[in-house]
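> Got a predicted structure here, sequence first:
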Amino acid sequence: MSERVTNWAGNIVFEARSVRRPTSVDEVRDLVAAGGPLRVLGSGHSFNRMADTTGDLVSLAGLPRVAEIAEDRRTVRVDGGIRYGELAPRLHAQGLAVHNLASLPHISVAGAVTTATHGSGVRHGNLATSVAAIELIRGDGELVTLRRGDAGFDGAVVGLGALGVVAALSLDVVPAFEIRQYVYDDLPRAALEQHLPEILGAGYSVSLFTNWAGGDINHAWLKRTEPMPAGPWFGAPPADGPRHPVPGVPAENSTEQFGVPGPWHARLPHFRMEFSPSTGA
């Protein structure tokens, strides 16, 4: 392969013989129908070789961006290469949102749902649960559509790329909303063990970060639609300054904290779209 292609962290160099970058769905269909092996490369936000191949890698990043809102405003149809950070502002401008986001807005929608990327919050399903329909390019190049309720639909949505190339998806949407983000330091391990359901259920989204070096949780990130009371939370003091989940990375790369209300897409992720949170190894 003449070009060096890595995952986001740079710790994996893909071994594919070439990278194909089609600019239309018809081009993708032709590539698939021509025979493999091939695999689709999403935004590369993975620490494993699942997307690697000795054949061709196919990037969908060059497909025309699609974000078509249905007439009933209950779903949005998106292309197979769009990232959440590209979709979210378009939805928000129309007064809409998706129900959940991962910590990274950088990831592709198709890659996230086909790998069951989780998002946070015990009340909310993972990102794949918002898929209402999936348009797949099969191994023979044919384009097929499966809708929620069809036989095999769930397995096709979280298919790990095994059933074909995701050309487009339809996602459930909800009215846009505001949310607040709070960070707490050094959540005691004893509190976590005694109150785990209450801690994880205390917000729209709750994330816990540890470096495994001590007994306590280094940071707890709590996202809520309502303000938090002042003072400690389950024994954890409020952060006295902005935080970043990855040690040594400037906090300015994180989304706004201290309970300042803001749009869903600017609070549910931990990381800002314009920065890469990876520190490699």
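Arrived safely, thanks for sending. Numbers count the residues shown, from 1 in each chain.
> immediately after the strand ranked longest in the chain, which helix or strand?
Taking DSSP state E as the criterion, the chain has its longest strand at strand 178-187. From strand 178-187 onward toward the C-terminus, using DSSP states H and E, the following helix or strand is helix 189-200.
> model confidence over the helix or strand just after that next one, on average?
Downstream of helix 189-200, the next assigned helix or strand under DSSP H and E is strand 205-209. Average pLDDT, strand 205-209: 93.
> In PDB, please show the C-alpha coordinates belonging to strand 205-209.
Taking Å, rounded to 0.1, in the frame of the first residue of the first chain, the C-alpha atoms of strand 205-209 are listed here in PDB:
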ATOM      1  CA  SER A 205     -25.500  10.200  31.400                       C
ATOM      2  CA  VAL A 206     -22.900   9.200  34.000                       C
ATOM      3  CA  SER A 207     -19.300   8.200  33.200                       C
ATOM      4  CA  LEU A 208     -16.600   7.000  35.600                       C
ATOM      5  CA  PHE A 209     -12.900   7.300  34.900                       C
END
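> residues making contact with that strand?
The contact list for strand 205-209 (C-beta atoms under 8 Å, 6 or more residues apart in numbering) reads 100, 103, 119-122, 124, 187, 192, 199-200, 217-223, 245, 268, 270. Every C-beta, even on glycine, is put in place using the N, C-alpha and C of the backbone.
> quick one: it to chain centroid distance?
In terms of C-alpha atoms, centre = their mean, to the nearest Å, the centre of strand 205-209 is found 15 Å from the chain centre.
> Stretch 208-227 now?
On the basis of C-alpha atoms, centre = their mean, stretch 208-227 is displaced by 20 Å from the centre of the chain it belongs to.
> which residues are contacting the longest strand of the chain?
Here strand 178-187 makes contact (C-beta under 8 Å, 6+ apart) with 199, 204, 208, 216-228, 232-240, 242-243, 255-264, 267-268.
> Now, the residues you listed that are in helices?
Counting by DSSP state H, the contacts of strand 178-187 place I199 in helices.
> Can you select the buried ones among the contacts of strand 178-187 for me in ChimeraX?
For the buried members of the contacts of strand 178-187, the matching ChimeraX selection, counting by 16 or more other C-beta atoms under 10 Å, is:
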select :199,204,208,216,217,218,219,220,221,222,223,224,228,233,234,236,238,239,243,255,257,259,264,267,268
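> Point to the residue nearest the middle of the protein.
Centrality entry for the chain: nearest residue to the mean C-alpha point is A102, 4.0 Å, by C-alpha atoms, centre = their mean.
> Which residues are in contact with that residue?
Y84, A112, T117, H118, G119, S120, L127, P269.
> So what's the residue count around the third one?
Put plainly, it is T117. 23 (other C-beta atoms under 10 Å).
> pretty sure it contacts T129?
No: using C-beta atoms under 8 Å, T117 is not in contact with T129; the gap is 11.1 Å.
> quick one: A16 and T6, what's the gap?
Counting by C-beta to C-beta, to the nearest Å, the gap from A16 to T6 is 12 Å.
> quick one, which of those two is more surrounded?
In this view A16 and T6 are compared by other C-beta under 10 Å, and A16 has more residues nearby, 21 against 12.
> Ignoring the adjacent residues along the chain, who's closest to that one?
L57 (4.2 Å; C-beta to C-beta, 6 or more residues apart in numbering).
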